[in-house]
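Participant: Okay, here's the prediction I keep looking at, along with the sequence it came from:
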Amino acid sequence: MVDNAANGHGSALGHSQATNRMQSFLIDSLMNVVSGLGTNRDKQISSVYGFTPINEQQLVAAYRSDWIARKVVTIPAEDQTREWRSWQADKNDITKLESEEKRLGLQEKTRQGEELARLYGGAALIIGDGVGDPAKQLDVERVKAGGLKYVHVVTMMELKAGVLDTDLSSEWFGGPKTYELSLQGATPVSVHPSRVVRFLGVQMPDWRIRNDPWGDSVLQAMDQQIKNSSLTEQAIAALVHEAKIDVVKIPGLMANIGTAEYEATLTTRIQLASILKGLLSTYVLDSEEDWERNATSFAGLPEILKLYLLLACGASDIPATRMLGQSAMGLNATGEGDLINYYDMIASRQKTRLGPRLSVLDEVLIRSALGARPPELHYNWNSLWQMSAAQKADIAVKKAAAYKTDVDAGLIEGPILRDARINQLIEDGFYPGFEQIVDDFVPLEEQDLDEEDEDVDEQFGRSKAAANENNPEDEPGATGTEDSRPMTLYVRRDVLNADEILAWARSQGVDGLYEVDDLHVTVAYSKTPVDWIKMGEGGWFSADPKGELVIPEGGPRVIEKFGRPGDEVLVLCFASDSLRWRNRQMRDEGASWDWPDYQPHVSFARLAEGQTVDLESIEPYRGVIRLGPEIFEEIDEGRPA
């Protein structure tokens with residue numbers, strides 16, 4: 001408390017009187033006797049809160065006629081379910097769970113439940129397991145495959161709550177012992193609370209306030225803010241019609257207006273003056289008349305409207321960037337921070353409200369989809385923040401670089417790292433249909449080959465006929481120990497669209513171009529003899545039956561000079577994690593590599609002795625590079641890598 005006597009210093013008597021006066025008010029707040037703050041002379045003491053509930057008809061009218069009210073109801077409900085969730089389980093189980101959710105329309109029905117709850121104050125999903133009496137408690141453990149028959153959405157008006165359960169030992173304490181589903185034209189049905197997934201708009205602090213398990217509409221607490229915004233918008237719109245008013249001053253108007261003849265003459269006079277003004281852009285007046293134009297000023301009105309809209313956004317917990325679709329105000333403001341905070345709030349609601357409400361339904365869903373409940377099965381809510389194409393591409397490049405670093409480090413076994421990388425690409429969804437392509441791909445050694453495929457072993461640099469010649473048992477098609485003897489290894493992929501690359505080189509004024517058949521990419525060049533069979537095959541990268549590999553257009557491309565002075569070639573360097581991984585894989589199996597690092601490239605021109613080239617003047621080829629299957633050969637010392 002603060003005591004301030006009238007003279008500014010106070011006295012013993014004045015202090016005593018002021019103290020007695022203040023003690024007559026049981027107010028735990030700041031008080032000032034001179035100003036009246038906190039005393040019976042304070043106007044704010046008379047301010048009290050009142051509650052006027054909005055009925056169902058008004059809620060529906062607001063939703064259907066006011067865009068702010070509709071967005072307040074729909075936006076959070078849509079955002080909580082928009083990206084849905086990702087099951088973490090065996091791939092086959094995930095497919096079954098997602099199919100079951102799709103069959104039931106669970107994502108859309110959850111959105112409807114949230115939206116109806118926000119509008120009316122409460123809604124629910126009814127779980128149907130096919131039993132004859134929905135009034136019986138749901139036994140989750142007895143649900144078998146296909147046991148979840150339906151999930152229906154109802155509002156709090158259709159699902160009436162019965163007597164509240166006040167038994168402390170009951171798992172339904174604080175909720176109704178039973179519900180009664182009353183649909184128009186149908187007989188009321190009792191529903192056990194174990195079969196009800198309840199959604200609330202605004203939860204009551206105490207269930208005794210309503211004496212039922214439902215909440216308030218989200219529009220209830222912000223009704224005034226919505227109306228203020230709408231009224232301000234309508235008032236500004238009405239002012240537009242009066243943006244310009246013409247005022248004509250006519251002598252003797254009030255003295256003569258009472259006669260019908262004068263009134264008709266006056267009306268005709270004004271009409272003719274307006275017509276002449278429209279035709280000649282000239283207002284014709286009598287010398288004693290006066291005409292002026294009054295324009296309505298709209299200065300400050302946009303700021304007022306924006307203020308009311310921001311108040312509505314604040315009341316709804318929805319940022320203006322999401323509610324109004326406008327950028328944030330201020331220098332260098334993007335609204336990204338507001339959206340991140342909002343999405344964090346939505347994510348929190350998913351974890352603390354929506355997830356627990358769906359828990360019983362999820363247990364039934366899992367058993368209906370899989371027939372049992374794997375203990376390790378769970379799900380994660382997908383992120384609401386969606387990256388742009390540029391951001392996704394940037395992250396993809398960084399992940400690929402991290403993968404290359406792990407491959408080069410050699411700390412993780414190649415097959416393990418490969419499978420992890422495949423899973424990462426599937427989860428990211430970077431390549432459309434990649435998971436199905438990987439599932440459908442059959443390695444060459446597992447394919448059933450007919451007679452037309454008898455020369456397929458030529459990808460290893462040898463035909464079957466050559467293999468048979470080395471067969472010590474002289475049995476056609478048999479494989480002897482001689483076939484796997486260590487040999488030097490040169491692996492290349494021929495460029496299938498070499499003519500396009502050479503055409504590009506000519507357009508850049510490059511001389512000494514290679515022939516079409518000479519363009520290739522070296523994958524391995526091992527002077528150390530190795531077992532070719534252990535090198536495996538690299539066709540899985542493209543999942544192409546022919547083993548071809550496509551380097552997409554774009555990406556980093558650089559023109560470099562390789563070789564020694566007097567024996568230099570121009571090469572097109574490009575990025576390919578597939579080729580880098582393949583080179584590393586064969587080196588892990590014992591293949592040698594005489595250079596510090598592996599850089600995928602295509603040699604396309606040989607420089608004449610003494611010839612100089614300005615590499616910066618050559619614009620790199622940025623189109624698609626199509627590479628054929630891997631070709632295995634022994635090293636020819638006269639042929640460069």
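Facilitator: Okay, I see it. Numbering: from 1, shown residues only.

Participant: Would you mind giving the domain segments of this protein?
Facilitator: Residue ranges for the domains of the chain, per automatic domain parsing: 12-46, 56-221, 244-295, 389-440, 486-633.

Participant: Between the ones you listed, which one is closest to I346.
Facilitator: Closest to I346 of those is domain 56-221 (CB to CB; 5.0 Å). C-beta here means a position set from N, CA and C on the backbone, and glycine is covered the same way.

Participant: how about low-confidence regions in the stretch 351-500 of the chain?
Facilitator: Residue ranges of the stretch 351-500 of the chain with pLDDT under 70: 440-484.

Participant: That one: strands as residue ranges?
Facilitator: With strands called from DSSP state E, counting those that start in this stretch, the stretch 351-500 of the chain shows them at 378-381, 487-495.

Participant: Tell me the buried residues in the shortest one?
Facilitator: Going by neighbour count (16 or more other CB atoms under 10 Å), the buried part of strand 378-381 is 379, 381.

Participant: Output it in PDB, but only the C-alpha positions, please.
Facilitator: What follows is strand 378-381, C-alpha atoms only, in PDB (Å, rounded to 0.1, in the frame of the first residue of the first chain):
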ATOM      1  CA  HIS A 378       5.700 -46.100 -32.400                       C
ATOM      2  CA  TYR A 379       5.200 -43.000 -34.600                       C
ATOM      3  CA  ASN A 380       6.600 -39.500 -35.000                       C
ATOM      4  CA  TRP A 381       4.600 -36.400 -35.900                       C
END
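
Participant: Pairing partners for that strand, with directions?
Facilitator: Strand 378-381 sits in its sheet next to strand 85-88 (antiparallel), going by DSSP bridges.

Participant: ok, and for the partner strand, which residues are buried?
Facilitator: Neighbour-count burial for strand 85-88 [16+ other CB under 10 Å]: 85, 87.

Participant: what's the least confident stretch among the domains of the chain?
Facilitator: Per-segment mean pLDDT for the domains of the chain reaches its minimum on domain 12-46, at a mean of 60.

Participant: ok, back up a step: can you convert the strands of the stretch 351-500 of the chain into JSON lines and add a column each for distance to I346?
Facilitator: JSON lines is the format used below for the strands of the stretch 351-500 of the chain (distance: least, CB to CB, whole Å):
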{"stretch": "strand 378-381", "distance to I346": "9"}
{"stretch": "strand 487-495", "distance to I346": "48"}
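
Participant: Figure out which of those is closest to D531.
Facilitator: Across the strands of the stretch 351-500 of the chain, closest to D531 is strand 487-495 (CB to CB), at 8.4 Å.

Participant: Select, out of the strands of the stretch 351-500 of the chain, the one closest to G121.
Facilitator: Using CB to CB as the measure, strand 378-381 is the one of the strands of the stretch 351-500 of the chain that comes nearest G121, at 24.8 Å.

Participant: re the thing from before, looking at the domains of the chain, which is nearest to I340?
Facilitator: domain 56-221 (12.9 Å).

Participant: any idea how far the closest one is from the chain center?
Facilitator: Relative to its parent chain, domain 56-221 has a centroid offset of 25 Å by CA atoms, centre = their mean, to the nearest Å.

Participant: and if you look at stretch 283-300?
Facilitator: Mean C-alpha position of stretch 283-300 versus that of the full chain (CA atoms, centre = their mean) differs by 56 Å.

Participant: Stretch 310-318 now?
Facilitator: So, by CA atoms, centre = their mean, the centroid of stretch 310-318 is 23 Å from its chain's centroid.

Participant: To D439, which of the strands of the stretch 351-500 of the chain lies closest?
Facilitator: Nearest to D439, of the strands of the stretch 351-500 of the chain and by CB to CB, is strand 378-381 at 22.0 Å.
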